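S.K.: Give me coordinates for this.
(chains A and B)
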Amino acid sequence: MVAPAYRIGVDVGGTNTDAVLMSGRQVVASAKAFTTADVAEGVVHSVTRLLENAGLEEGRFDAVMIGTTQFVNAFVQRSNLTPVAAIRVALPKADGIPPMSGWPEDLIEAIRPEIYMVGGGAYYTGKDYAPLDEDAVRHAAVDARSKGFEAVAISASFSPIRPDLETRAAAIVRSVMPDARITLSAQVGGIGLIERENAAIINACLGDMAAQVVGSLVRAFRNLRIEAPIFLSQNDGTLISTQTARRFPIMTCSAGPTNSIRGAAFLTGLDEAIVADIGGTTTDIGFLLRGFPRETTAANDIGGVRTNFRMPDVLSIGLGGGSLVVGEPGKLRVGPRSVGYRLQSEALVFGGATLTATDIAVRADQAAIGDPGRVADLPASLVEEALAVIHARIEAAVDQVKTSPRPMPLVLVGGGGILVSRHLKGTSEVRRPDHADVANAVGAAIALISGRVDKLYDVGSLGREAALDLAKGDAIAAAVAAGALESEVEVLEVIELPMTHMKSGSVQIKVRAVGPVAALV
Amino acid sequence: MRTVDTLQDIQDMARGAVLLGTGGGGDPYIGELFLQAQLKHGRKARIVDVNEVDDEAFVLSIAGIGAPSAMVEHLVSDKLLLKLLGRAEAFYGRRVDTLISAEIGGVNSMFPLALSAISGVPVVDADGVGRAIPHIEMTTFSILGVKATPCLVMDENGNVATLEATDDRTAEDVIRGITAALGASIYGALYPMSGRQMKATAVRGTLDETLRIGQVIRLGRESSEDLFADLLAYLGRNGRMAKILFDGKITDVTHETRDGWHFGRATLGALGDGSDMFTVDFQNEFTVARLNGRTVTIVPDLITILDRETGEPLTGERLAYGQRVKVLGYAADPLLRLPESLEVLGPRMFGLDEDFRPIEALSGD
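M.R.: Residues are numbered from 1 along each chain as shown, chains lettered A, B, ... in the order given. A predicted model of the protein is given here:
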């Protein structure tokens, strides 16, 4: 007889660090603590509280899953960035747009990069247009070493179909700089040299910080005597190991909204729904499709730098529990200004002097928070109008996110769900699952493992079916290599983008496959 | 004569070029970065008006040729463009006085500007179509009697091909073959002509139009006015009709390649409770827009899809399920609506079984 097995999900947000304890599909307990400057401290507080809430002295922990926005925040705030030497293998092509051409000046100053462009590269057919200039790579590495660089990003023309161009360059760099942290562009992006190279450079400059944060999280759990393997959530709601997160911090950059949408799916059992995460200042509305968030297809900027990372397609509006209620009767506005984290001191129900959306909800008996006596005098007409405005704003946003007029279920997660009390146009029902306030952490705890490919395949000679099978096989293999259980891996998404203007039959195929963590099954 | 002085101008022009690209033409982002890199080195593109060009001047088009998905990997080389200009002058036996864009829609609006910054040769404020088109024989130059060849194409490795074709349709086929053999991303110098010929065949004022479109969208966004109303007012300034054809959400996008063309269809549904169905077909560029099956704008009139919040124009590759967009219809330049033009770039040349009807007639107002 073995003790029940648990897993811990943690979401490190800007304000709160949430934790949940799960056993199978059951949420056993949850806890919240403030996020701290040293991420690990907040995690320790939250998890300690979690184990207390669960009344758990000891147990068998199978896995710890953590979602964090630390890395992307560091990049956006330009803090703790490692100087990067960027080596691009593409000459004689591409010299008109050197690496980091479109980057904001303040970011270039923060990273203090050195740029090297060397010979080599491949056509879309996979054939070399120029051989890798090994001497030039060596010279670049020697120069970078002499200048004290420890992080290197390597990119090459068409490396998604010729990854050896980058791995051979990396071997040369490593022979000169044995301790360098090296990011290869083909490991972090698909077709599109600029976007892929940008992702590699972003990743390289987060290297020191990733080692530090991940190291500190690992130590935190060791100190809590939780010895389970630790995973981090990545953008698409699937997991990577701490070793991978250390090497590829960029893969975690928009895990937050993804985890909240995935958590909502799990808590309601819905597969397709609109999910509104109503916080203190904003409401993030996303679209749950086949159990995963719908993703954007446009180029995504991270801190002013263009990448081709897929992000959850989330519409953010300035409406939350802390939104200010202002204006004359008949012209009332709710948000976008908000008291934010000062809600607990500034809202009327907490003894403050600012009329917030939360006060309206309390006055309308939608929530029992603070002292209802302090809002008892608010005129009914004001409350009625404010509620109408709140519901109308959410309705408009829901309508924008939806793709068909057919009514769909709406899932409310996050603390601000108290603002909603009425039927919302375009929705078939409004669901408020248990544990909605920690849906993010639940999303982390239920995450799967994924594998992706984004490459050009020769449909002309292989035939479409064979090329698709090849691409799917590559994605499944990538998922299994990342730790997914092979027998359970499914192909979730297949996108074909034909090569325009050419008869050649090369098709860019993107495939995503996901499966459960092998260690948990 | 004026110069392109700021990063802002370059960004505005790139955004305007996407709008005129009607879904195709290649994303000008590469051209935008390339031009910005020149500006950082203190090299500015120079623009002259059509009437500033001497009748006897030698005018030449510089263009990137190939597949957008190859160009995003191979980017562009300033050394190559400068070499191309030198080789072209040797080939034609005279100095190039003025550069011109072959198609203003998409990335080829930017390469002549970048070469101008590198070489000092000015670019004339005009182009060969006022939008994007998929073939060499579809420019107004070609239609109105200026042939694309003799021409010269080259790549960064030093491969150079010169061509004298019997007609531009043949030139298109031959250059396509060369392009594929050289990795689907090369650069060319074509449509050699005199200033007089340029004045007779070019669509005028289109470089300025890209800048102004970009400015209108950017300023509209910043000032929180109705940016679409501003945009329509600007586009309609010369009596050319511009109209929002549909406001909705993309519910489906299909892609397919046949014979080197990128075919597809975007299907849109109404916002809210509306039941209207809108489709936009594309063949590299958007070719026909239909509301509930009825044609409302058709090639060579322009169709562009823009983000309904930001006004950002979207290329065909960027369209995806769930996007909230407005579809813009815009009357083509009168040169494109001449009978001889419609024979080359009218609906039937794109396999559509209907004749061209102007947006003014189709939109019913």
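S.K.: contacts, neighbours, all on C-alpha from now
M.R.: Fine.
S.K.: So for the residue lying closest to B:Leu319 once chain neighbours are set aside, what's the pLDDT?
M.R.: Once flanking residues are discounted, B:Leu319 sits nearest to B:Val253: 7.1 Å by C-alpha to C-alpha, 6 or more residues apart in numbering or on different chains. pLDDT recorded at B:Val253 is 85.
S.K.: what's the answer for A:Met499, then?
M.R.: In this model, A:Met499 is scored at 56, pLDDT.
S.K.: what's in contact with the helix or strand harbouring B:Asp12?
M.R.: In this assignment (DSSP states H and E), B:Asp12 forms part of helix B:7-20. Applying C-alpha atoms under 8 Å, 6 or more residues apart in numbering or on different chains, the contact partners of helix B:7-20 are B:4, B:24-25, B:27-29, B:31-32, B:35-36, B:39, B:104-107, B:109-110, B:130-132, B:207, B:209-215, B:218, B:302, B:304-305, B:312-315.
S.K.: quick one: buried residues of that helix?
M.R.: Within helix B:7-20, the residues that count as buried by 16 or more other C-alpha atoms under 10 Å in any protein chain shown are B:7, B:9-20.
S.K.: One more: stretch A:167-177?
M.R.: A:167, A:169-170, A:172-174, A:176-177.
S.K.: which among the residues you listed gets closest to A:Leu239?
M.R.: A:Leu239 has its nearest neighbour among these in A:Thr167, at 24.7 Å by C-alpha to C-alpha.
S.K.: Show me what the longest helix belonging to chain B is packed up against.
M.R.: Looking across chain B with DSSP state H, the single longest helix is helix B:206-222. Judged by 3 or more C-alpha pairs under 8 Å, 6 or more residues apart in numbering or on different chains; DSSP states H and E, the packing partners of helix B:206-222 are helix B:7-20, strand B:123-127, helix B:227-235.
S.K.: got the angle between it and helix B:227-235?
M.R.: Taking axes from the mean of the first three to the mean of the last three C-alpha atoms, to 10 degrees, one finds helix B:206-222 and helix B:227-235 inclined to each other by 160 degrees.
S.K.: Quick one: mean pLDDT for helix B:206-222?
M.R.: Computed over helix B:206-222, the average pLDDT equals 93.
S.K.: Check the burial of residue 290 by counting its neighbours.
M.R.: Since no chain was named, I'll use chain A. The local packing of A:Arg290 (other C-alpha atoms under 10 Å in any protein chain shown) involves 13 other residues.
S.K.: look at chain B instead
M.R.: B:Arg290, neighbours per other C-alpha under 10 Å, totals 18.
S.K.: Neighbouring strands of the strand or helix carrying it in the sheet, and parallel or not?
M.R.: B:Arg290 belongs to strand B:285-291 when elements are defined using DSSP H and E. Sheet pairing for strand B:285-291, assigned by DSSP bridges, gives strand B:277-283 (antiparallel), strand B:294-298 (antiparallel).
S.K.: Pop the domain breakdown of the chain in here.
M.R.: By default, I'm working from chain A. Using automatic domain parsing, the domain parsing of chain A gives A:1-77+A:206-253, A:82-205, A:316-441, A:448-520.
S.K.: Switch to chain B, please.
M.R.: B:2-204, B:226-362.
S.K.: what's the distance between the longest helix along chain A and the middle of its chain?
M.R.: Secondary structure of chain A read by DSSP H shows that its longest helix is helix A:380-401. Here the centre of helix A:380-401 is set off from its chain's centre by 29 Å, with C-alpha atoms, centre = their mean, to the nearest Å.
S.K.: returning to what we had before: pipe the strands paired with strand B:285-291 into a markdown table and attach mean neighbour count and distance to A:Phe309 per row.
M.R.: Below are the strands paired with strand B:285-291 laid out as a markdown table (neighbours: other C-alpha atoms under 10 Å in any protein chain shown; distance: least, C-alpha to C-alpha, whole Å):
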| stretch | mean neighbour count | distance to A:Phe309 |
| --- | --- | --- |
| strand B:277-283 | 23 | 26 |
| strand B:294-298 | 22 | 35 |
